[in-house]
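Structure, please.
(one chain, ligands or ions: 1)
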Amino acid sequence: MFDRDLKAALDPFNILLTDRQYEQIYVFTTLLIETNKVMNLTAITEPKEIAVKHMADSLSCYDKTYFPKGAAVLDLGTGAGFPGIPLAILRPDLHVTFFDSLQKRLIFLKTVVSKIGISNAAFIHGRAEDEAHRAEYREQFDVVTSRAVARLNILTEWALPYVRIGGVFAALKGAQYEEELTEASSAISILGGTVAEIRPVHLIGIEDKRAALYIKKDRTSPKKYPRKPKIAAKNPL
Ligand SMILES: C[S@@+](CC[C@H](N)C(=O)[O-])C[C@H]1O[C@@H](n2cnc3c(N)ncnc32)[C@H](O)[C@@H]1O
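Down below sits the predicted model:
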């Protein structure tokens, strides 16, 4: 039943999973629903809805041209693992780093990773605007993904410093993506990026507009970014 719902949800994206990948997503879904009873992870609790709004939505940002073989991927503000876990299941060769400011969500994700057998996973506990100043993370990732974390102008200032030159920031955005893109245009340019592609996303049974945005990193991000939250909030780029 769950496999059938998931297959239908993934159909528009031409994504075919192996039996093992279906099983991994099923186990992840079960862990999400069970753990959500004792820890706030998601407002979506029906398996069919999870298949569409979490799994298919996460994988809607996938495109092999942006995710080269063995790529280092940073999922910024991963929460309960979206889009990072579905991407790591789809592409076991990726090195996915799960990044969040809430430790208890990372503890949940460590259980998920070990129970479903994802190798190449790493974890960062911290705030996006702080960790970007560490040499070990700055401009070290081929792809930074992010869904439902902040408005695009803020998120760009947080995300682009982690992307290596030639890499991409893939943001999953909802109904206001066009306004957010306009609002973020100077942040994208200041941080060294350009909009490579705006790909509208249609999930089955969902009317709301959404899109996967791909922002390519062309130039190094100036060292002073990202700024401290109070300064950035007072003077958004
Ligand atoms: C609404 S949740 C979205 C989670 C997941 N990406 C999803 O789409 O379901 C936002 C997540 O971003 C994290 N977050 C918010 N601000 C952050 C920051 N400055 N640095 C790192 N993580 C942050 C929160 O702790 C939370 O887990």
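
Now this structure against the ligand: closest residue?
Residue nearest to the ligand within the chain: G79 (2.4 Å; C-beta to the nearest ligand atom). For every residue, glycine as well, the C-beta is placed using N, CA and C.

doesn't S189 fall inside a helix?
Yes - the assignment for S189 by DSSP: H, G, I helix; E, B strand; the rest coil puts it in a helix.

so who does E180 touch?
R151, L152, N153, K173 (C-beta atoms under 8 Å, 6 or more residues apart in numbering).

before we move on, what SS does A135 have?
coil.

same for the longest strand seen in the chain, what does it pack against?
Ordering each strand of the chain by length in residues (DSSP state E) puts strand 163-173 first. Secondary-structure packing of strand 163-173 (3 or more C-beta pairs under 8 Å, 6 or more residues apart in numbering; DSSP states H and E): strand 141-147, helix 152-159, strand 193-200, strand 211-217.

Let me see the mean pLDDT of whichever helix or strand comes after that strand.
Sequence order places helix 177-183 as the next helix or strand after strand 163-173, per DSSP states H and E. Averaging pLDDT along helix 177-183 yields 98.

Dump helix 177-183 to CSV, restricted to CA.
Presented in CSV, the C-alpha positions along helix 177-183 are these (Å, rounded to 0.1, in the frame of the first residue of the first chain):
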residue,chain,number,x,y,z
TYR,A,177,9.1,31.5,-4.7
GLU,A,178,8.9,34.2,-7.3
GLU,A,179,8.7,37.0,-4.8
GLU,A,180,11.5,35.4,-2.7
LEU,A,181,13.7,35.2,-5.8
THR,A,182,13.2,38.9,-6.5
GLU,A,183,13.9,39.7,-2.8
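
what is the mean pLDDT for the longest helix anywhere in the chain?
Secondary structure of the chain read by DSSP state H shows that its longest helix is helix 19-35. Averaging pLDDT along helix 19-35 yields 98.

Who wins on neighbours among the contacts of E180?
Among the contacts of E180, L152 has the most neighbours (other C-beta atoms under 10 Å), with 26 neighbours.

re earlier: so what touches the longest helix of the chain?
2-3, 6, 17, 41-42, 45, 47, 50-51, 54-55, 80-81, 85-86, 89-90, 108, 111-112, 115-118.

Spell out which parts of the chain neighbour the ligand.
77-80, 82, 100-102, 105, 127-129, 147-149 (C-beta under 6 Å from any ligand atom).

Could you turn the buried ones of these into a ChimeraX selection?
Those of those that count as buried under 16 or more other C-beta atoms under 10 Å are selected in ChimeraX with:
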select :77,78,79,80,82,100,105,127,128,129,147,149
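
In strands, which of the residues of the chain next to the ligand appear?
Residues of those located in strands (DSSP E): D100, R147.

and which of the residues of the chain next to the ligand is nearest to N36?
A80 (8.0 Å; C-beta to C-beta).

Specify the local secondary structure of I206.
coil.

contacting residues around the residue lying closest to it once chain neighbours are set aside?
Distances taken as C-beta to C-beta, 6 or more residues apart in numbering place V52 nearest to I206, at 6.9 Å, with adjacent residues excluded. Applying C-beta under 8 Å, 6+ apart, we find V52 in contact with D5, A9, L203, I204, G205, I206.
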